[in-house]
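Student: What shape does this take:
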Amino acid sequence: MERRIFLYHTIVVTAALTALLLISVLAIRRIDDYYLQRSFTDPDSNAAQVQSLLDGWDPDSETLGALSRELRELGYNFCVQGDGQELYSSLDPFQQEILRRTMGAVDWAGDRALSIWSEGIMTVGVRNGAYTLIAMSHPDAPEFFGRQRPQNETMLLTVLVIGGAAILVIVSLSMVSAKIQVRRMMRPVEALTAAARRIEGGDLSQPVGYEGKDEFTAVCAAFEQMQEHLLREREKNAAHERARTDLVAGISHDLRTPLTSVKGYIKGLRDGVANTPEKRTQYLDIAYRNACRMDVLLQRLFYFSKLETGALPWFPVEEDLGRFVERFVRDTAGELEQKGGSMELEVRPGPHPVRIDTEQMGRVLSNLTENAVRYAGAHPLRLVLTVWREGETERLRFADNGRGVAEEDLPHLFEQFWREDPARSGKSGEGSGLGLYIVKHIVETHGGTIRAENSGGLVFELALPTGLKGGEDHHAEDPDRGGR
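Tutor: So this is what the prediction gives:
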């Protein structure tokens, strides 16, 4: 835009000044030719008769008016000077100017003078005693501003007129140029203003719509990107809000079932329905299991809340990933076998140092195991965990022998509240869409990455930095923290 404005004004000024120069040269040349064509070097045919009239003038008997009429018929005006003063004059202003400018240059030969000037003026002079009579022919010069003027004055006035006209042209072109440039500059500004008002009104769907190629193009493109980002974030927030509502509704529904069961069995105990020690023990066991189910649901909701607010405590320590996973497998394999599954571990030789929060990383493995138990769909279920080192990262592969997931669903596995089948629900908050989201959050907080793929089942591969601090120490006490 700046370059275009500068270029446009430069062209306008250069063109106007060039036109001024050319027109001035042509005008001066034309004026000079005009005066040159009307100049002559020989006396005109009336000069001798004028000389005779001036010689025969008798100041005592003849009036000046009569002489003036006779000279005018011959194409001359004249003046009479005496004692250094002008006594009479019929000269026009142009002739007076010529006389004043050339009087000292008149070539007198005794009492007679005859001069020819470049303006085409014949001057005849006679000294008659105390009087000097000077007759001048009518100048053959163009009229300029109401009267005839000398050549130099005509040239000067011509240049001034042309210069004034050039100034008017330059100012006019500059005003037109400025108006055009302002209009061009206001188009993107108006487009941005309209877009800002649309955004203020909540409309994020319409683009800015500016297609120019100037400095504003990048601004409008950035504004459109911001608008698209705001639209995506609004849609994402709306989806998250709906998912949160569904999550609360789902957990409320899941809580209602065990809560109703607990109330029913407690009421049975209170009303004496369980009238034997065996029945009372049975009722208490069922009520306890349902209370534990409610505790699991509430813990998950509480954990998600702390995750969202950034209040989740982290206590990273130096740990060997192979030994850590080995302990997890040892503690979990027995419970998995009771559900008809098995768990295998392969740790490749060598140390596998990492810096992890053991409780949070244990939650990662627990969530992956729980996800496989619920959704793998394999009977019997077989989980294989592999630990190895690759470059500057420690790797953990968590694979099941289940049905996997659809390829188009793989990118969504770690999204907040996402469920492969939204209509599916089950016990312990199944279908809440938080388990794998929590896994990804914990792994990334440790400075690692996680990805999923189908390979004979669903496979998760974690990568953690070797011996690097992946989390931030928080020394504040957490009343809910405990051992795994």
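Student: Now do stretch 45-54, average pLDDT.
Tutor: Taken as a whole, stretch 45-54 has a mean pLDDT of 82.
Student: outside of that stretch, which residues touch it?
Tutor: Residues from elsewhere that reach stretch 45-54 (CB atoms under 8 Å, 6 or more residues apart in numbering): 67, 70-71, 74-76, 78, 112, 114, 122, 124-126, 128, 133, 135, 137. For every residue, glycine as well, the C-beta is placed using N, CA and C.
Student: Just the C-alphas of it, formatted as PDB.
Tutor: Output in PDB follows, covering the C-alpha atoms of stretch 45-54 (Å, rounded to 0.1, in the frame of the first residue of the first chain):
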ATOM      1  CA  SER A  45       5.700  53.100 -46.100                       C
ATOM      2  CA  ASN A  46       4.200  55.600 -43.800                       C
ATOM      3  CA  ALA A  47       7.400  56.500 -41.900                       C
ATOM      4  CA  ALA A  48       8.400  59.300 -44.300                       C
ATOM      5  CA  GLN A  49       4.900  60.900 -44.300                       C
ATOM      6  CA  VAL A  50       4.900  60.700 -40.500                       C
ATOM      7  CA  GLN A  51       8.300  62.400 -40.500                       C
ATOM      8  CA  SER A  52       6.900  65.100 -42.700                       C
ATOM      9  CA  LEU A  53       3.900  65.700 -40.500                       C
ATOM     10  CA  LEU A  54       6.100  66.000 -37.400                       C
END
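Student: and that stretch, how far from the chain's centre?
Tutor: Centroid displacement of stretch 45-54 relative to its chain, using CA atoms, centre = their mean, to the nearest Å, is 87 Å.
Student: Same question for stretch 364-383.
Tutor: Worked out by CA atoms, centre = their mean, stretch 364-383 lies 50 Å from the chain centre.
Student: For the stretch 51-200 of the chain, just list every one of the strands.
Tutor: 76-82, 85-89, 108-109, 112-117, 121-128, 131-137, 143-144, 147-148 (DSSP state E, counting those that start in this stretch).
Student: For PyMOL, write the selection for the buried entries among the contacts of stretch 45-54.
Tutor: Selection of buried members from those for PyMOL, criterion 16 or more other CB atoms under 10 Å:
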select buried, resi 67+70+71+74+76+78+114+122+124+125+126+128+133+135+137
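Student: Which elements pack onto the helix or strand hosting E235?
Tutor: According to DSSP states H and E, E235 maps onto helix 215-271. In terms of contacts (3 or more CB pairs under 8 Å, 6 or more residues apart in numbering; DSSP states H and E), helix 215-271 is packed against helix 151-200, helix 277-309.
Student: now the angle between helix 215-271 and the first one, please.
Tutor: In this case it means helix 151-200. Comparing the axes of helix 151-200 and helix 215-271 via axes from the mean of the first three to the mean of the last three CA atoms, to 10 degrees yields an angle of 10 degrees.
Student: And helix 151-200, what does it pack against?
Tutor: helix 2-37, strand 143-144, helix 215-271.
Student: Can you say which of those is nearest to A165?
Tutor: helix 2-37 (8.2 Å; CB to CB).
Student: rewinding a little: in TSV, list the helices and strands packed on helix 215-271 along with mean neighbour count and distance to R403.
Tutor: Listed next are the helices and strands packed on helix 215-271 as TSV, based on neighbours: other CB atoms under 10 Å; distance: least, CB to CB, whole Å:
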stretch	mean neighbour count	distance to R403
helix 151-200	14	45
helix 277-309	14	25
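Student: Confidence-wise, which of those is weakest overall?
Tutor: Looking at those, the bottom one is helix 151-200 with a mean of 77.
Student: roughly how far is that one from the heart of the chain?
Tutor: Worked out by CA atoms, centre = their mean, helix 151-200 lies 26 Å from the chain centre.
Student: need the helices and strands packed on helix 151-200 in JSON lines with mean neighbour count, mean pLDDT and distance to Y283, can you?
Tutor: Formatted as JSON lines, these follow (neighbours: other CB atoms under 10 Å; pLDDT from 0 to 100; distance: least, CB to CB, whole Å):
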{"stretch": "helix 2-37", "mean neighbour count": "13", "mean pLDDT": "72", "distance to Y283": "85"}
{"stretch": "strand 143-144", "mean neighbour count": "13", "mean pLDDT": "65", "distance to Y283": "126"}
{"stretch": "helix 215-271", "mean neighbour count": "14", "mean pLDDT": "78", "distance to Y283": "4"}
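Student: Would you reformat those as CSV and include distance to L99?
Tutor: Listed next are these as CSV, based on distance: least, CB to CB, whole Å:
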stretch, distance to L99
helix 2-37, 18
strand 143-144, 19
helix 215-271, 67
